[in-house]
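S.K.: Following is a predicted model, sequence given first.
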Amino acid sequence: MHKGYLCIVLHSHLPYVRHPEHEDFLEEDWLYEAITETYIPLIGMFERLISERVDFRLTMSLTPTLVSMLADPLLQERYLKHINKLIELAHKEIERTAWQSHFQSLAIMYLNQFYKARETFERYHRNLALAFKDFQDAGRLEIVTCGATHGYFPLLDVCRESVRAQVKVAVSHYEGVFGRKPRGIWLPECGYHPGQDEILKECGIRYFFTDSHGVLHGTPRPKYGVFAPVYCKGTGVASFARDLESSKQVWSSIEGYPGDYNYREFYRDIGFDLEYEYIKPYIHPDGIRINTGIKYYRITGTSNHKDPYAPDWAREKAAEHAGNFMFNRQQQINYLYGIMQKKPLIVSPYDTELYGHWWYEGPMWLEFLIRKIAFDQNEIRLITPSEYLVENPRNQVITPSLSSWGWKGYSEMWLQGSNDWIYRHLHAGCLRMTELAKTFPEATGILKRALNQALRELLLAESSDWAFIMGTGTHTGYAVQRTKDHLLRFLRLYEDIKANSIDEEWLAQIEYKDAIFPAIDYRVHT
Amino acid sequence: MALMRKLKEKLKTIINKGKKARISLKQPVRKQDVCKTVPAQEGVLGYQETAVGTTKFSHPEPPRFKRTMHHELPTGYGQDKIILQVRDPWWLHSYWEVTQGTWERLKQELQDTFCRVKKVIRVYDVSQISFNGRNAHRYFDIEVHPEASNWYIDTAGPGRTWCVDYGLRLPNGEFITIVRSNTVMTPLDGPSCITDEEWMIPEEMFAKLYGMGFGLGQSSPVGKAWQERVKKALFSGVLASPGITSVSSPVRGVPKGRTFWLVVDCELIVYGATEPDAKLTVQGKSIKLRRDGTFTLRFALPDGKQVIPVKAVSADNEEERSITPTVTRETKIG
């Protein structure tokens, strides 16, 4: 008989980066890398587990921006081009390393990985969101939604219309793609502001996630800590809080698994290591060295000296770490069961792109973990939040606390000297959007197009990623530019609409550039 | 169990602090002092997430033509307005806009006095009241830079509700409100002191669950180092921010100290030409010729001797030519 539940949540997100106006745009690589290194390995895992009838449950968020990019024909075409170049490079690498059999076997490993990526990509008709839909339809995966463009809700609280628009656009987008309503939401950056659960309720969303202190510091005190969800006072929307112990085992650099010396080193990439003329066709067209994804070394130790990667050792480590993670959860669950007199729920959320992209062996680790939980024990049961609520409908009612999973646990990552200037403009934009939506409740034709585009631009400006990148202080140019571009486009649309002088040619141009959410309805911004 | 006891004590102090709801009126901190750009300090909650998060966006920036924008973002939106938002349990952020017209009106009203006024934000504690401008529990003023249009405010008051005015303080002490903000509530920085009867929980048990929620696991044999660190973080500072310091972080930081370095590697290019329709092998492996009969091979060259037999056979298998370069690499370091 199992004594407790484990809910693994993978939050998958990339900001909307799509530049049809440029032949080649570096930041689009964020998506291509995540496809090859993260999404495809995870899809492989799902396929194996399902075809071998392993019983498991996972929860994943797929943000509307990510799903939109995955479904976009232009980006699909460009991904194929990207993976074909990698295949070509891997062939060259196999030839180049003929006298270094160790590296050659790694080059072959990458070539196989790239072939597999291309094959999977084609098999799902180039749209990987459909793969995840299949796994959801098979009852193994629960896909939750997120803010439409990953706006950071606590700092949009002074204009709840925008929070509402973020949620409503996301919900209808989800329905269009996955053929049902989303039951849960991953609040962008896990950012919760008390009272915003009203909007979730309004949109039919039954649960969300917070960081540990979101529930632990809620009022009144949560009886079961983070080990049972709570219902928000007034709305009854459930809040599931992160368990930091299990998180740290993956995230932390001390006991965290990804830092193991046998695992692949992220920072040694042939894009930087190899001779310039040779690698030039595979880096940025301007000749700037970038990561290619082919990396031959393992972490090895703390010094700069790195030994070649040994896939077998890494695989063994991943299995060992999966065993260790499971053992720790068993201990944790047994202990908690003893003091709670009730089956505890451990919620372990991670950034999906941690797996595979950052922690190369991550998908392998996850698959080992799922198999071990299915076959080697009977104390832990994997569960989704929806299933948990069906089995455990009675939960405490509290008001969770303002919180996020960002740096220091609150809003500072997105509100500091380098990025605080954006809120003046975002909030003003929000007010104006509401004004437009109220002024024109029944727009048609070109006016309607302009209003819809205005909402797209505002939502795109709200993406938390821009503030995040500005906050990290490196390579901030693109993030600043995107924020300004969308705000300026929004402001011009506002003025044109008010003056009844919409420039159709220009409107068509920005519709072409910022083509997200074709079915958007500006009236949700009220 | 010593740990549990300490936790309980910590809990009590937090709870008592909450009950008394003391607010120390710290000296206002100037904006310039508090807003540092690079936040990613190790040892703080969310550090690893931040570090991993940045790898998602891990490209250098190509030089792009500076596009000439039709216009920059406006400096204001023509409305007197002040907005207050919460940064964390202790700090608020406020930005404001006062239109030229309003300044003109104030100048006229105050006449000569206007050049002697101070620009001030007045921070009101309006917890659990409906604020009418006069009934705040208390307030404090922060004199702001005359040109400032936003400010970070140290309230030192988690779990309280706040409202701010931006205005003028006259030489006689009188305060004139120009704009009044929305109200916001700072979150608690520890567990609530309110318990609910139906879901009552003994203090000791809550302390256990509370610690575990922050990763102070009872169960994790590998977590000793982590526990020690969290204990320190927990008892020396902020409860909500237990973090870890990176010892062998796979996140490569800025190298410290002397950073001079040298990397040298060798590759060998083997190239040649034969009849375009000939069959060519290099080290026994058949090689595809270019249309003009030329070929180029590139090898990473390890230390040691490489014998590279190159053999061409004519299309009719009648003729054969062999050339065998031998290359030795020897690397000395020092």
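M.R.: That came in fine, so what should we check first? Numbering: from 1, shown residues only, chains lettered A, B, ... in the order given.

S.K.: According to the record, where do the domains of the chain fall?
M.R.: Since you didn't name a chain, this refers to chain A. If you go by automatic domain parsing, the domain ranges for chain A are A:4-71+A:127-245+A:344-408, A:416-524.

S.K.: you looked at the wrong chain, it should be chain B
M.R.: Annotated domains of chain B cover B:79-194, B:197-236, B:267-329 [automatic domain parsing].

S.K.: Between those, which one is closest to residue A:15.
M.R.: Counting by C-beta to C-beta, residue A:15 lies closest to domain B:79-194 out of the domains of chain B; the figure is 22.2 Å. The C-beta positions use only the backbone N, C-alpha and C, and glycine is treated the same way.

S.K.: Start and end of the closest one, how far apart?
M.R.: Here the two ends of domain B:79-194 are set 41 Å apart, with distance taken as C-alpha to C-alpha, to the nearest Å.

S.K.: where along chain B do the helices fall?
M.R.: Along chain B, the stretches classed as helices by DSSP state H are B:2-20, B:31-34, B:47-56, B:100-110, B:203-213, B:224-236.

S.K.: Backbone dihedrals for residue A:201, please?
M.R.: Residue A:201 has phi and psi values of phi -60, psi -50 when expressed as degrees, to the nearest 10.

S.K.: How about the stretch 401-526 of chain A: which residue is closest to chain B?
M.R.: Nearest residue of the stretch 401-526 of chain A to chain B, counting by C-beta to the nearest C-beta: residue A:417, 2.8 Å away.

S.K.: Can you name the residues of the stretch 401-526 of chain A sitting close to chain B?
M.R.: Contact residues of the stretch 401-526 of chain A with respect to chain B, defined by C-beta under 8 Å from any C-beta of the partner chain, are listed as A:401-403, A:405-413, A:415-418, A:420, A:423-425, A:427-428, A:465, A:468-469, A:471-475, A:477-478, A:484, A:487-488, A:491-492.

S.K.: next one: the stretch 101-250 of chain A
M.R.: Proximity of the stretch 101-250 of chain A to chain B is assessed by C-beta under 8 Å from any C-beta, with A:103, A:154-155, A:157-158, A:194, A:212-213, A:215-227, A:241, A:243-245, A:247-249 identified as the residues in range.

S.K.: So residue A:425 belongs to a helix, correct?
M.R.: Yes - note on residue A:425: a helix contains this position according to DSSP: H, G, I helix; E, B strand; the rest coil.

S.K.: and it, how many neighbours?
M.R.: A count of nearby residues for residue A:425, using other C-beta atoms under 10 Å in any protein chain shown, gives 20.

S.K.: mind checking pLDDT for it?
M.R.: pLDDT, residue A:425: 98.

S.K.: How about the one 4 residues further on?
M.R.: Looking at residue A:429, its pLDDT reads 98.

S.K.: moving C-terminal of the helix or strand in which it is found, what's the next helix or strand?
M.R.: Following DSSP states H and E, one finds residue A:429 within helix A:421-439. Per DSSP H and E, the first helix or strand lying C-terminal to helix A:421-439 is helix A:445-462.

S.K.: same question for that following helix, mean pLDDT?
M.R.: Across helix A:445-462, pLDDT averages out at 98.

S.K.: One more: stretch B:266-281?
M.R.: When pLDDT is averaged along stretch B:266-281, the result is 95.

S.K.: Please save the CA atoms from it in CSV.
M.R.: What follows is stretch B:266-281, C-alpha atoms only, in CSV (Å, rounded to 0.1, in the frame of the first residue of the first chain):
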residue,chain,number,x,y,z
CYS,B,266,46.7,20.5,-34.0
GLU,B,267,44.7,19.3,-36.9
LEU,B,268,46.0,17.8,-40.1
ILE,B,269,44.7,18.5,-43.5
VAL,B,270,45.3,15.8,-46.1
TYR,B,271,44.4,16.8,-49.6
GLY,B,272,45.1,15.8,-53.2
ALA,B,273,43.6,15.0,-56.6
THR,B,274,43.2,12.1,-59.0
GLU,B,275,41.0,11.3,-62.0
PRO,B,276,37.5,12.3,-61.1
ASP,B,277,36.1,8.8,-61.7
ALA,B,278,38.9,7.0,-59.7
LYS,B,279,38.3,5.1,-56.5
LEU,B,280,40.2,6.6,-53.6
THR,B,281,40.9,5.2,-50.1
